[in-house]
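J.: compute the structure for the input listed below.
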Amino acid sequence: MDEKKRNEAYNKYVKAKIPKTRPWPSLFNSFWVGGLICILGQGINDLIMLGFPTMAEQTAWAYTLIALIFIASFLTGIGVYDRIGKFAGGGSIVPITGFSNSITSPALEFKNEGIIYGLCVKMFTIAGPVIVSGVVASVLVGLIYLFI
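T.: Take a look at the predicted model:
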């Protein structure tokens, strides 16, 4: 079989295996679930500011992020966040809760391999490149800012 026919056969096979999605319902679900996560974050922040009125706003937001990360990790641990992700797509991935899920999921999956080689190593397989890219970009921007 020549290369062109092989590529056509492969493309036909891949097209048959790709799950069919309906774009408009997916976009709508992504939008409202992402918005709901943001509303939850705003609600947590408002409750923190209500309970501690003298707290600095940045400190309250730090506690809000910690709470959202904890909630997403907990929901990932009990298997709920994966179902939310399948339903909402990007709406559950883009907020910080998606980052928390991307660290927690591999850690849970590979925990049987031990603390070092399973939990510690695998938990950054997905999020690691994002963290490295962010650190490198921030260092470059910092150097540009320093010299300009």
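J.: all contacts plus neighbour counts: C-alpha atoms, from now on.
T.: OK.
J.: and the worst-scoring helix or strand of the chain on mean pLDDT, how far from the chain's centre?
T.: Least confident helix or strand, the chain: helix 121-122 with a mean of 71, by mean pLDDT, DSSP states H and E. Relative to its chain's centre, helix 121-122 lies at 17 Å (Cα atoms, centre = their mean, to the nearest Å).
J.: which elements pack onto the helix or strand that contains M49?
T.: Using DSSP states H and E, M49 maps to helix 23-51. For helix 23-51, the packing partners by 3 or more Cα pairs under 8 Å, 6 or more residues apart in numbering; DSSP states H and E come out as helix 57-77, helix 80-88, helix 90-93.
J.: what's the closest of those to K111?
T.: helix 57-77 (11.9 Å; Cα to Cα).
J.: now the closest one: buried residues?
T.: Buried residues in helix 57-77, counted by 16 or more other Cα atoms under 10 Å: 60-61, 64-65, 67-69, 71-77.
J.: got the confidence number for S102?
T.: If you check S102, the pLDDT there is 81.
J.: and it, how many neighbours?
T.: Counted with other Cα atoms under 10 Å, residues neighbouring S102 total 21.
J.: OK, contacts around it?
T.: When contacts are counted by Cα atoms under 8 Å, 6 or more residues apart in numbering, S102 touches 123, 126-127.
J.: buried members of those into ChimeraX, please.
T.: To isolate the buried ones among these in ChimeraX, judged by 16+ other Cα under 10 Å, type:
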select :123,127
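J.: tell me the phi and psi of the residue nearest the centre of the chain?
T.: By Cα atoms, centre = their mean, the chain has its centre lying nearest to G98, at 2.1 Å. The phi/psi pair for G98 (degrees, to the nearest 10) reads phi -70, psi -40.
J.: name the nearest residue to it, ignoring sequence neighbours.
T.: The spatially closest residue to G98, leaving aside those adjacent along the chain, is S92, at 5.7 Å (Cα to Cα, 6 or more residues apart in numbering).
J.: for F87, same thing?
T.: N29 (7.0 Å).
J.: fine by me, we can end here.
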